[in-house]
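Engineer: I would like to see how this sequence folds:
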Amino acid sequence: MLIAKENSERIPPMPEGMYEAVCTMLIDMGVQNNPRFGTSSRKIRLVWEVLGQTVKIGDQEYPRQISKEFTNSLSDKSNLRKALQSWRGKSFTPQELKGFDLRKVLGAGAVLQVMHKTGENGDYATIETIIPMVGKKPPAVKPVVFDLDDAGTYPTFQSLPRYIQEGIAKSEGFEFTGLTVAPKNNQTQPPLPDDSSAPPVHGGGMYPPVDDQYGEPPCGRVLRHPGPDAGNGILRLRLHRTPRMRQE
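Structural biologist: Prediction:
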């Protein structure tokens, strides 16, 4: 008899609430095409480890993590600018708007407001607001950086969850990097975070879930990726304020 039932293995999203967290990962997702809007924009993903929260997968417990993807822009209406200014507790100076090094947020503490939204796979957790962690020093972390313009970070690619690798592989110019997405039967990937709203990793390793939010509309200047030798990674992960309608 064929019986359909709800997938009991799906890890439930984090409960809604306020959580102290520390930023542990900065991932360059590259220039992504958006068929809905007919545009392209460069994306980044920030990952936070949620303090005092764990998730059990099999017989092991891992720190709970949550991530959010942004368009890489500091334009007036960009979600990233709003999030960073709320997190910092102050506006950017004109000098900072000329170029802000995103690596500065790694290891920084934050208080995240987590809420639920409903997607194709059911409810998932999203980060609604980010505010400073006041009066506390966040624990030390070993930051993870992947930058398409810095070949020195390329070894990190194979340790990323497969669904993130697949997302990066869709970016413009990825074919020039020489990187390849891990095979589905790869058993060597370490337990880095996965996404509770993403498809399961078939035949691969198990990852602690990273709740995530998608769907930010494109804004800001498009930075084309010409290959791994085009510039250093710090510049690649800098933000520049540019007119919303200016596209290259």
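Engineer: tell me which element the residue sitting nearest the centre point of the chain is part of?
Structural biologist: In the chain, the C-alpha nearest the mean C-alpha coordinate belongs to residue 45, at 2.1 Å (C-alpha atoms, centre = their mean). For residue 45, the element it lies in under DSSP states H and E is strand 39-57.
Engineer: same question, residue 76
Structural biologist: Per DSSP H and E: residue 76 is located in neither a helix nor a strand.
Engineer: Give me the below-cutoff pLDDT ranges for this structure.
Structural biologist: Scanning the chain for pLDDT under 70 picks out 1-10, 185-248.
Engineer: can you give me the helices for it?
Structural biologist: Using DSSP state H, the helices of the chain run over 79-88, 94-97, 162-169, 233-236.
Engineer: give me the number of residues near residue 135?
Structural biologist: Here the number of neighbours of residue 135 (other C-beta atoms under 10 Å) works out to 5. Heads up, the C-betas are built off the backbone N, CA and C, glycines and all.
Engineer: do residue 173 as well
Structural biologist: When neighbours are defined as other C-beta under 10 Å, residue 173 has 16 of them.
Engineer: can you check residue 72 too?
Structural biologist: 25.
Engineer: follow-up on the earlier one: and of the helices of the chain, who's closest to residue 149?
Structural biologist: Taking C-beta to C-beta, helix 233-236 is the member of these nearest to residue 149, at 3.3 Å.
Engineer: in this structure, which spans are strands?
Structural biologist: Ranges of strands in the chain, per DSSP state E, are 17-34, 39-57, 60-71, 100-101, 109-119, 122-132, 144-146, 210-211, 238-239.
Engineer: Report the contact partners of the closest residue to residue 80 other than its chain neighbours.
Structural biologist: Take residue 80 and drop its neighbours on the chain: the residue closest to it by C-beta to C-beta, 6 or more residues apart in numbering is residue 70, 4.0 Å away. Residue 70 sits next to 43-46, 78-80, 83, 216 when contact means C-beta atoms under 8 Å, 6 or more residues apart in numbering.
Engineer: Could you list everything the nearest residue to the residue nearest to the centre of the chain once chain neighbours are set aside pairs with in the sheet?
Structural biologist: Using C-beta to C-beta, 6+ apart and skipping residues adjacent in sequence, the residue nearest residue 45 is residue 27, 4.3 Å away. In this structure, residue 27 bridges to residue 45, residue 146 when assessed by DSSP bridges.
Engineer: Return the distance of stretch 79-87 from the chain's centre.
Structural biologist: 15 Å (C-alpha atoms, centre = their mean, to the nearest Å).
Engineer: change the start of the numbering to 332 and stick with it
Structural biologist: Shifting the count to begin at 332 puts that one at stretch 410-418.
Engineer: Residue 423 contacts residue 413, correct?
Structural biologist: No: contact criterion C-beta atoms under 8 Å: residue 423 and residue 413 do not qualify, at 10.9 Å.
Engineer: Relative to residue 448, how far out is the residue nearest to residue 411?
Structural biologist: 17 Å (C-beta to C-beta, to the nearest Å).
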